[in-house]
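Q: this one's structure only:
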DNA sequence: GGAATTTCTATGACGTGTCAACGAGGTGTA
DNA sequence: TACACCTCGTTGACACGTCATAGAAATTCC
């Protein structure tokens, strides 16, 4: 349909890249679910929370850090709380606020998940790139991701 | 968390690429919704159906072509039928089967959407790659997407 | 021909993400 | 102080994708 407005090269590159855009996250997500029972979103929340020394982060700040909407994080945090991965505490600085806290269980789950996830990222992605490709991909990814929304 | 098992270069490249993996589809999807009221999934169904001369495709074949599960396409087709973009016909060859047919309305919507979508793909992606990058990206995307699941 | 098996679509439950709206709480200003 | 305004998290409705399952029809095999 839109072939007419892309050159042959652009068309092929775009089609190939679009396949990657779909296949790679799907594979990593399946690996994660199979190995650890986590969704990619779960993993991101857990690993971002674990970066803080006290494993605590205000909801709004965590949302901003991950570039999620507050609504999304609120929904997701509620589900993760139900599974005992995190819990919520009132924010002493701001009565509207909410502090998310990585539980010991959540931390253990993350510790178990992380090495498998690294193997997955390697075997499904990094291992198949040479250093030049890695460098170029990083440059181009940064350039495009940094464009305004 | 997993930084320890990736080299500095790998870590940075993976982080940058992951941002692209999230940001690019989100931007294209927002453009599509704003310009045409279509989801990316809608657009894929419409444009794939439009490739057939008679605008008809058996559900199972369309699903295979797009690499979707049949369940996904069945759900999605039901929603699209509700909006008048496609309709369903019995398959004369196979009484279990189902032929999806792009309606005139659906075709018009696609015709309106396509040029905007091309502009979007250009302005958010293709315009920011030089020919070398385009070629390398195509090669690497094909290589990785072609890995077994 | 007839039974077992496979193929095909539909469906319901569930987790997920977006959007719009809400109420409660903070902030700034007259 | 009083008021308007903004920020924070939650909620409900909806679209979406996956999985397991069901039921009908085709195919295979004896």
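A: Perfect, I can see it now. Note that the coordinates shown come from a computational prediction; the quantities given were computed from them, not determined experimentally.
Q: Every contact and neighbour count from this point should use C-alpha atoms.
A: Noted.
Q: And the lengthiest helix in chain A, what does it pack against?
A: Secondary structure of chain A read by DSSP state H shows that its longest helix is helix A:8-36. Using 3 or more Cα pairs under 8 Å, 6 or more residues apart in numbering or on different chains; DSSP states H and E as the contact criterion, the secondary-structure elements in contact with helix A:8-36 are helix A:104-124, helix B:131-145.
Q: okay, the ones you listed in TSV with distance to residue B:124 next?
A: Supplementary listing: the helices and strands packed on helix A:8-36 in TSV, determined by distance: least, Cα to Cα, whole Å:
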stretch	distance to residue B:124
helix A:104-124	26
helix B:131-145	14
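Q: Flag every buried residue along the longest helix of chain A.
A: A:10-14, A:16-21, A:23-25, A:27-32, A:36 (16 or more other Cα atoms under 10 Å in any protein chain shown).
Q: ok so, going back, please identify which of the helices and strands packed on helix A:8-36 is closest to residue A:136.
A: helix B:131-145 (7.3 Å; Cα to Cα).
Q: Could you pull up the mean pLDDT of the closest one?
A: What helix B:131-145 shows for mean pLDDT is 98.
Q: quick one: buried residues of that helix?
A: Those buried within helix B:131-145 under the rule 16+ other Cα under 10 Å are B:133, B:134, B:135, B:136, B:137, B:138, B:139, B:140, B:141, B:142, B:144, B:145.
Q: What of stretch A:51-63?
A: Going by neighbour count (16+ other Cα under 10 Å), the buried part of stretch A:51-63 is A:55, A:56, A:57, A:58, A:59, A:60, A:62, A:63.
Q: shouldn't residue A:120 be in contact with residue A:31?
A: Yes. Using Cα atoms under 8 Å, residue A:120 makes contact with residue A:31 at a distance of 6.8 Å.
Q: what does the model give the residue nearest to the spatial centre of chain A for pLDDT?
A: With the centre of chain A defined as its mean C-alpha position, the nearest residue by Cα atoms, centre = their mean is residue A:44, 4.5 Å away. Each residue has a pLDDT score; the one for residue A:44 is 98.
Q: go on, residue A:5?
A: Looking at residue A:5, its pLDDT stands at 87.
Q: Pull the number of nearby residues for the nearest residue to it once chain neighbours are set aside.
A: In space, not counting the residues next to it along the chain, residue A:5 is nearest to residue B:118; the distance is 6.9 Å by Cα to Cα, 6 or more residues apart in numbering or on different chains. Using other Cα atoms under 10 Å in any protein chain shown, residue B:118 is surrounded by 19 other residues.
Q: which stretches of chain A have low pLDDT?
A: Under the criterion of pLDDT under 70, the regions of chain A flagged as low confidence span A:1-4.
Q: Next to DNA strand D, which bits of it? Give me the list.
A: Within chain A, the positions adjacent to DNA strand D are A:30, A:58-61, A:70-71, A:74-75, A:77-78, A:96-99 by Cα under 7 Å from any atom of the strand.
Q: So residue A:57 belongs to a strand, correct?
A: Yes. Read with DSSP: H, G, I helix; E, B strand; the rest coil, residue A:57 is one of the residues of a strand.
Q: returning to what we had before: does the residue nearest to residue A:5 touch residue A:7 like I think?
A: No. Counting by Cα under 8 Å, residue A:7 is not a contact partner of residue B:118; they are 11.4 Å apart.
Q: Tell me who's in contact with the closest residue to residue A:106 other than its chain neighbours.
A: Taking Cα to Cα, 6+ apart, and ignoring the residues beside it in sequence, residue A:106 has residue A:85 as its nearest neighbour in space, at 4.0 Å. Going by Cα atoms under 8 Å, 6 or more residues apart in numbering or on different chains, residue A:85 touches A:46, A:102, A:103, A:104, A:105, A:106, A:107.
Q: Please report the distance of the second one from DNA strand D.
A: The span separating residue A:102 from DNA strand D equals 15 Å under the rule Cα to the nearest atom of the strand, to the nearest Å.
Q: Now that residue: phi and psi?
A: Phi and psi for residue A:102, reported as degrees, to the nearest 10, are phi -70, psi 120.
Q: shouldn't it be in contact with residue A:49?
A: Yes. Counting by Cα under 8 Å, a contact exists between residue A:102 and residue A:49, whose distance comes to 6.3 Å.
Q: Overlap in contacts, the two.
A: With Cα under 8 Å, 6+ apart as the test, residue A:102 and residue A:49 both reach A:55, A:56.
Q: Have a look at these two and say which one is more surrounded.
A: residue A:102 (28 against 23).
Q: Now the more buried one. Nearest residue, chain neighbours left out?
A: Nearest in space to residue A:102, with sequence neighbours left out and distances taken as Cα to Cα, 6+ apart, is residue A:86 at 4.5 Å.
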